[in-house]
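S.K.: What follows is a predicted protein model with its sequence.
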Amino acid sequence: MSHKSNLLLLLLFGLTIGLVGWLGLKLASQQDRQIKASQVDRSEQALLLMQNNINEYINQQHSRFGQLINSDHEDLQQLLNTDPLIHGILLLNQNDQIEFPTQVSPTQQQNSYQWLSNIAINEETQSNTQKQSGWFIWYEQQKEKYIFWTVNPEHKLFIELNNAMFMADFIHWLAKQPNIANPGFLVINDNQGRTFYQWGKQLTNTADINIQKHLNAPFTGWSLRYYSNTQSLSTLSKGLFQLIIIGLLVLVSIITYILFKIKRREHLEAQQRLSFVNQVSHELKTPLTNIRLHGDLLARTLNPDDTSEKSWQSLNIIQQESERLTRLINNVLNFNSVDNNSLSIHASPIGFQSLLDQAIEPFKPKFEQLGIEVVINNAIDLMANVDQDVFKQIMANLLSNVEKYAVDSQQVTISAKQSDDRVTVTVQDQGAGIQRKFQDKIFQPFYRIRSDLTHASGSGLGLGLARELARLHGGDLRLLPSEIGCCFELTIKEQPQ
């Protein structure tokens, strides 16, 4: 048995080591995923910040050009001559006739028609927003041109930007922006996928993170891309992480092994104690039987008139103590029988009130001596098909506990009721009760709340045996919550006849 237990412990220890090692890898992988998710979040925030900065640049240009619709012709001409960003200006009246410039080339006239048509399309697609200004891209001789437009009730203004100067100004503005891509690679691609500007070291082919955001007009079709590699846990960190887990596992395993050995030793001691008590109980049954026989014979042969009261009291004490010793011995022997699964139910029909009286009768003299009143609330007036010996044994253990531990109780209440094939009996006393911390242990073999000599004696087997007998009879025995004293509930199942 010892070799098998050690082998089982070794197997469990090995499996646990493997499981914890696997768990360590899973936790490390999860940590890597969390780090990557955090880096992705930071990358998206960096992209969003750069996108907002570019939108701010566009809004600045938007605001600057939008104010020109209120300028006179001289101011527009001076601006056209001095601002390198502006390549051309067309100002149309409310009848869509060109007011500026005063001399219009055929190309400008043709552009005005096409640009008006482009505005009409934009207004139709964005009619819900009532847009009064915006951007569009115009292609002339396969060259890309950026057109800003704005309207009011009296005029329509078109500004054609100098493409080269506009891109140079945009690059100059980008160069002044902080490098928010570190340690990644941030790039701006134009509408043809070409790199327009970049920050950081290029790693587009080996990046673990690749996030994209699109830019607004006039950079329609342009995109911001962020590339980065994830910074996972190092091999050393993973090794230390797993080493700590394994160390904790070894510590827990050692503690578990020590507790197992202690528990096993206690179990072996309990078995040895039970075996010893069982052997002694068998040896005691024969002389105890002789004592009881001679006590009964003496009680029948003595003449009450010729015997002193003190002698009768001594004889009654001998009989009562021999009966109590018999119950203790039977408790031990019956507990051993339950432990070996050698007990069986032998049910027979009997009037339940009669059965209840038979179970209570042996304890009435002692209860009267202690001043304990027995109150019976029996709601069962029919026959019950139960094992009478089992029922009496359970009740004897419950009433014996009242006799030992509830001597200050003024009353013990026994209630009985029947539901379908179940018989339920409660035994309620008015004693000191059982503290909550001990309530889960009172059914354990040999367990006693107090074991010193100044308290009631007992083997600690009664309640455990009673519960096992109740379960053998298809029911159970449990301690119910009670504001005063103890309240045990016994349920047994009637057997089919």
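M.R.: Received the coordinates, thanks.

S.K.: do you know how far the residue nearest to Trp222 when sequence neighbours are not counted is from Tyr227?
M.R.: The shortest distance from Trp222 to any non-neighbouring residue, by C-beta to C-beta, 6 or more residues apart in numbering, is to Leu215 (4.3 Å). All C-beta spots, glycine's among them, are computed from the backbone N, C-alpha and C. Distance from Leu215 to Tyr227, counting by C-beta to C-beta, to the nearest Å: 17 Å.

S.K.: Please state the backbone phi and psi of the residue nearest to Trp222?
M.R.: Reported as degrees, to the nearest 10, the phi and psi values for Leu215 are phi -100, psi 160.

S.K.: which residues does Gly351 contact?
M.R.: The contact partners of Gly351, by C-beta atoms under 8 Å, 6 or more residues apart in numbering, come to Leu382, Met383, Ala384.

S.K.: Which residues does Ile86 form beta bridges with?
M.R.: Leu161 (DSSP bridges).

S.K.: Who are the contact partners of it?
M.R.: So Ile86 contacts Leu79, Leu80, Ile159, Glu160, Leu161, Asn162 (C-beta under 8 Å, 6+ apart).

S.K.: tell me which element Ser253 falls in.
M.R.: For Ser253, the element it lies in under DSSP states H and E is helix 235-301.

S.K.: returning to that earlier point: name the residue in Leu215 and Tyr227 with the higher neighbour count.
M.R.: Neighbour count, other C-beta atoms under 10 Å: between Leu215 and Tyr227, Tyr227 has more, with 23 against 20.

S.K.: Give me the neighbour count for Ser105.
M.R.: Ser105 is flanked by 9 other residues according to other C-beta under 10 Å.

S.K.: By neighbour count, which of the contacts of Gly351 wins?
M.R.: Ala384 (24 neighbours).

S.K.: got a list of what the residue nearest to it when sequence neighbours are not counted touches?
M.R.: Nearest non-adjacent residue to Ala384, counting by C-beta to C-beta, 6+ apart: Phe352, 4.4 Å away. By C-beta under 8 Å, 6+ apart, Phe352 lies in contact with Asn378, Ile380, Asp381, Leu382, Met383, Ala384, Ala416, Gln418, Val423.

S.K.: and the closest residue to the second one other than its chain neighbours, backbone torsions?
M.R.: Read that as Ile380. Residue nearest to Ile380 in three dimensions, not counting chain neighbours: Phe352, with 4.3 Å by C-beta to C-beta, 6+ apart. Main-chain dihedrals, Phe352, degrees, to the nearest 10: phi -70, psi -30.

S.K.: Could you check how far Phe352 is from Asp381?
M.R.: Distance from Phe352 to Asp381, by C-beta to C-beta: 8 Å.

S.K.: Let me see the domain layout of the chain.
M.R.: Following automatic domain parsing, one gets these domains for the chain: 1-233, 346-493.

S.K.: Take those domains and write them to TSV, including distance to Leu268 and mean pLDDT.
M.R.: Below are the domains of the chain laid out as TSV (distance: least, C-beta to C-beta, whole Å; pLDDT from 0 to 100):
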stretch	distance to Leu268	mean pLDDT
domain 1-233	10	81
domain 346-493	13	83
